[in-house]
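> this is the structure alone, sequence omitted:
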């Protein structure tokens, strides 16, 4: 729990504020702001490559690489007060950040037995959310008092992440789950070629899986439509709070990311219980429809209070979507052997919709010089995605204890 707060919580706050401070303090243009906003989701596609590396080296060595690539670049960002330099550091860190899911999932599976894994994951997630909320609150207040505070807190946050990584490395040692590195019996005369083949395997099999499993294909199509709405909102938020509402840093932190994290933390457990009863399709449909109000509230927001109301709805809907994001593919996979492949396909498509629809939102805003059309399109995407999921409700697999544990 402590490690999750130090690693994920600090990263969540720092990354959220990065695009805003670049726009508000350093004069980043719309394209630069988009790059900073989109990078965490778009570069998530590289998690499949990191997963292959994770299976071939010792866990503690992998953690060291994750820290070097995914955390340390933020410590170097303040060396030059230049937006292109900050973007370069951020892109490298987001590429490295894609390494986190592999080690997090493996540790959850190895350390916690099936009977308590769900509860452990819930507590760890709550720690991440609370850590992120506290960091967002503190950094927002600090930036409001000193717009150049980022030059101090970014190296500080990277150091806290290093402590979190050290805690995990210690857990790996004390729990005895460390393993040998590369399985030499599986190596070939061309290990580099073998590594590339394994890394691309989820991509090479994606078309085959989506062609043969039509329910999963339609599930992913609904999530792709949902991505129209969510990615547009994510891309436009830094522009909305700076260009239109002209809020201070502490007002931005309070009314957006802080409120969002608190609501997700409060609503995740109820959302998980409800999804167990009604299934991922109905839960996703209801969450997507609820989400449709978020861009409309963004559009009508005039101050900190009205934006906070939008963030309350955002966090409530996101809690429902988050539980469906993982447990939907798990239940549709049918067997435990297929789960990693289905989840890999699902994660890969996150990067695809992030690349497509965040750019779409900013392009529409630039062309129209208005938030109206992109946010109306976002609301339409949520409504359409909800209908796609609702049509699939009859195909919901019956929930099982094993699927829930997985």
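Ah, there it is. All values derive from a computational prediction rather than experimental measurement. Numbering: from 1, shown residues only.
> in stretch 236-245, which residues are buried?
Of the residues in stretch 236-245, those buried by neighbour count under the rule 16 or more other Cβ atoms under 10 Å are 236, 237, 238, 239, 240, 241, 242, 243, 245. Every C-beta, even on glycine, is put in place using the N, C-alpha and C of the backbone.
> now swap in stretch 362-373 and tell me
Of the residues in stretch 362-373, 362, 364, 365, 371 count as buried by neighbour count, 16+ other Cβ under 10 Å.
> low-confidence ranges in the stretch 101-250 of the chain?
Scanning the stretch 101-250 of the chain with the threshold set as pLDDT under 70 gives 114-115, 117-119, 122, 181-205.
> mind jotting down where the helices sit in it?
Secondary structure of the stretch 101-250 of the chain, counting by DSSP state H, counting those that start in this stretch: helices at 114-145, 150-174, 191-212, 214-239, 249-253.
> out of these, which is closest to residue 261?
The stretch from the helices of the stretch 101-250 of the chain with the least distance to residue 261 (Cβ to Cβ) is helix 114-145; that distance is 4.3 Å.
> list the buried residues for the closest one?
Within helix 114-145, the residues scored as buried using 16+ other Cβ under 10 Å are 117-118, 121, 124-137, 139-144.
> residue 39 is nearest to which of the helices of the stretch 101-250 of the chain?
Counting by Cβ to Cβ, residue 39 lies closest to helix 214-239 out of the helices of the stretch 101-250 of the chain; the figure is 11.4 Å.
> and that closest one, what other elements does it pack with?
Taking 3 or more Cβ pairs under 8 Å, 6 or more residues apart in numbering; DSSP states H and E as contact, the helices and strands that helix 214-239 lies on are helix 10-24, helix 30-42, helix 191-212, helix 280-291, helix 293-300, helix 304-333, helix 339-368, helix 372-391.
> check the ones you listed for me: which has the lowest mean pLDDT.
Comparing mean pLDDT over the helices and strands packed on helix 214-239, the weakest stretch is helix 191-212, at a mean of 67.
> my guess is residue 123 contacts residue 1, does it?
Yes - here residue 123 lies in contact with residue 1, judged by Cβ atoms under 8 Å, at a distance of 5.8 Å.
> okay, and the common contacts of the two?
Shared contacts of residue 123 and residue 1, defined by Cβ atoms under 8 Å, 6 or more residues apart in numbering, are absent.
> hang on, the earlier thing: for the helices and strands packed on helix 214-239, which one sits closest to residue 255?
For the helices and strands packed on helix 214-239, distance to residue 255 was read as Cβ to Cβ. The smallest value, 4.1 Å, belongs to helix 304-333.
> buried stuff in that closest one?
304, 307-308, 310-333.
> now do residue 312 against residue 271, distance only.
Using Cβ to Cβ, to the nearest Å, one gets 15 Å for the distance from residue 312 to residue 271.
> now residue 92
Relative to residue 271, residue 92 is positioned 34 Å away (Cβ to Cβ).
> and those two? which has more neighbours close in?
residue 271 (23 against 19; other Cβ atoms under 10 Å).
> pretty sure residue 275 contacts residue 322?
No - with contact defined as Cβ under 8 Å, residue 275 does not count as touching residue 322 (10.1 Å).
> just put the helices of the stretch 101-250 of the chain in JSON lines and tack on distance to residue 72.
Formatted as JSON lines, those follow (distance: least, Cβ to Cβ, whole Å):
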{"stretch": "helix 114-145", "distance to residue 72": "18"}
{"stretch": "helix 150-174", "distance to residue 72": "6"}
{"stretch": "helix 191-212", "distance to residue 72": "23"}
{"stretch": "helix 214-239", "distance to residue 72": "24"}
{"stretch": "helix 249-253", "distance to residue 72": "25"}
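> out of these, nearest to residue 19?
That would be helix 214-239 among those, by Cβ to Cβ, at 4.3 Å.
> buried ones in that closest one?
Of the residues in helix 214-239, those scored as buried under the neighbour-count criterion (16+ other Cβ under 10 Å) are 216, 218-239.
> closest to residue 85 out of the buried residues of stretch 236-245?
Each of the buried residues of stretch 236-245 was scored against residue 85 by Cβ to Cβ, and residue 238 proved nearest at 18.8 Å.
> and for the residue lying closest to that closest one once chain neighbours are set aside, the neighbour number?
Using Cβ to Cβ, 6 or more residues apart in numbering and skipping residues adjacent in sequence, the residue nearest residue 238 is residue 19, 4.3 Å away. By the criterion of other Cβ under 10 Å, residue 19 has 27 neighbours.
> before we move on, what about residue 208?
Using other Cβ under 10 Å, residue 208 has 9 neighbouring residues.
> residue 253 too?
Using other Cβ under 10 Å as the criterion, residue 253 is surrounded by 28 other residues.
> surely it and residue 136 touch.
Yes - in terms of Cβ under 8 Å, residue 253 counts as a neighbour of residue 136; the distance is 4.9 Å.
> give me the common contacts of those two.
By Cβ under 8 Å, 6+ apart, the residues touching both residue 253 and residue 136 are residue 17.
> let me have the buried residues of stretch 236-245 in JSON lines, extended by distance to residue 163.
Output for the buried residues of stretch 236-245, formatted as JSON lines (distance: Cβ to Cβ, whole Å):
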{"residue": "236", "distance to residue 163": "35"}
{"residue": "237", "distance to residue 163": "30"}
{"residue": "238", "distance to residue 163": "29"}
{"residue": "239", "distance to residue 163": "34"}
{"residue": "240", "distance to residue 163": "34"}
{"residue": "241", "distance to residue 163": "31"}
{"residue": "242", "distance to residue 163": "32"}
{"residue": "243", "distance to residue 163": "37"}
{"residue": "245", "distance to residue 163": "36"}
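> who's in contact with the nearest residue in space to residue 230 that is not next to it in sequence?
On the basis of Cβ to Cβ, 6+ apart, the spatially nearest residue to residue 230 that is not a chain neighbour turns out to be residue 291, at 7.3 Å. Shown in contact with residue 291 (Cβ under 8 Å, 6+ apart): 226, 229, 230, 313, 314, 317, 318, 321, 382.
> and with 7 Å instead?
Residues near residue 291 by Cβ atoms under 7 Å, 6 or more residues apart in numbering: 229, 317, 382.
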